[in-house]
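1. Please work out how this folds:
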Amino acid sequence: MIKKKRYGQKPTNPFLRWGYIVVFGLIALWLLLSIFMQKSPVELLSTTFSKIPTPVSSALQQEILEKDSIIAELQKKLATFEGRGNFKRGMVIIDSPTLNLRSGPSLTSAIVMKIPANAEVEILFYDTETFYLNSKPGKWCRIRYVGNEGWVWGNFVNQI
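-> Okay, the predicted model is just below:
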């Protein structure tokens, strides 16, 4: 016998009815938890699911930790290098009585002090760019002399 349905009557499926009840219950629980924890429902979801580790995030975190350890090791090496004073020694060789120690690698930079000829200096490093002074190529040199650091024309400093 075929059961006829009347106009306006919806078919009742027990699984569908239980599905609605479960979804409604989960939404109600989510909203109650957000009230109890004093967070917005969106914040509650984002903080809850962000704590679940995924294989991709674990691999990225591991890679970040490895890179951080490499950076820390390089920083330690740099600190020991800077603290040791492992710089090259040089001598100021010029025709005039003094050489200008400048604040920057330029002839227009301010003069910090005057270094006497044949003075011994610490060579910190040479600039990477080559310039021409009186049609001769050279590089600016960062030096230290009696506690003052500055720039001189590299052609005037000979390594010893």
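2. Torsion angles phi and psi at residue 110?
-> Main-chain dihedrals, residue 110, degrees, to the nearest 10: phi -70, psi 150.
3. Touching, it and residue 100? I think so.
-> No. Judged on C-beta atoms under 8 Å, residue 110 makes no contact with residue 100 at a distance of 9.6 Å. Every residue, glycine included, has its C-beta placed from N, CA and C.
4. neighbour count winner among those two?
-> The neighbour count for residue 110 versus residue 100, taken as other C-beta atoms under 10 Å, is higher for residue 100 (18 against 10).
5. So, low pLDDT: which residues of this structure?
-> 1-12, 50-57, 80-86 (pLDDT under 70).
6. Could you break it into its assigned domains?
-> Following the assignment in automatic domain parsing, the chain carries domains at 12-52, 54-86, 88-159.
7. any idea how far residue 87 is from the closest residue to residue 142 other than its chain neighbours?
-> Leaving aside its sequence neighbours, residue 142 sits nearest to residue 124 (C-beta to C-beta, 6 or more residues apart in numbering; 4.2 Å). Residue 124 is 6 Å from residue 87, where distance means C-beta to C-beta, to the nearest Å.
8. what is in contact with those two at once?
-> When contacts are counted by C-beta atoms under 8 Å, 6 or more residues apart in numbering, residue 124 and residue 87 are jointly contacted by residue 144.
9. could you pull out the helices for the chain?
-> 14-36, 41-50, 55-84 (DSSP state H).
10. Quick one: distance of the longest one to the chain centre.
-> On the basis of C-alpha atoms, centre = their mean, to the nearest Å, helix 55-84 sits 11 Å off its chain's mean C-alpha point.
11. tilt between that helix and helix 41-50?
-> 80 degrees (axes from the mean of the first three to the mean of the last three C-alpha atoms, to 10 degrees).
12. re the thing from before, and the domains of the chain, which is most packed in?
-> domain 88-159 (a mean of 15; mean count of other C-beta atoms under 10 Å).
13. Quote the end-to-end distance of it.
-> 7 Å (C-alpha to C-alpha, to the nearest Å).
14. And stretch 98-107, by the same measure?
-> So stretch 98-107: terminal residues 15 Å apart, C-alpha to C-alpha.
15. contact partners of that stretch?
-> 92, 109-117, 127, 133, 140, 142-143, 145, 148, 150-153, 156.
16. 10 Å - rerun?
-> Defining contact as C-beta atoms under 10 Å, 6 or more residues apart in numbering, one finds that stretch 98-107 is touched by 92-93, 108-117, 119, 121, 126-127, 129, 131, 133, 139-146, 148-154, 156-157.
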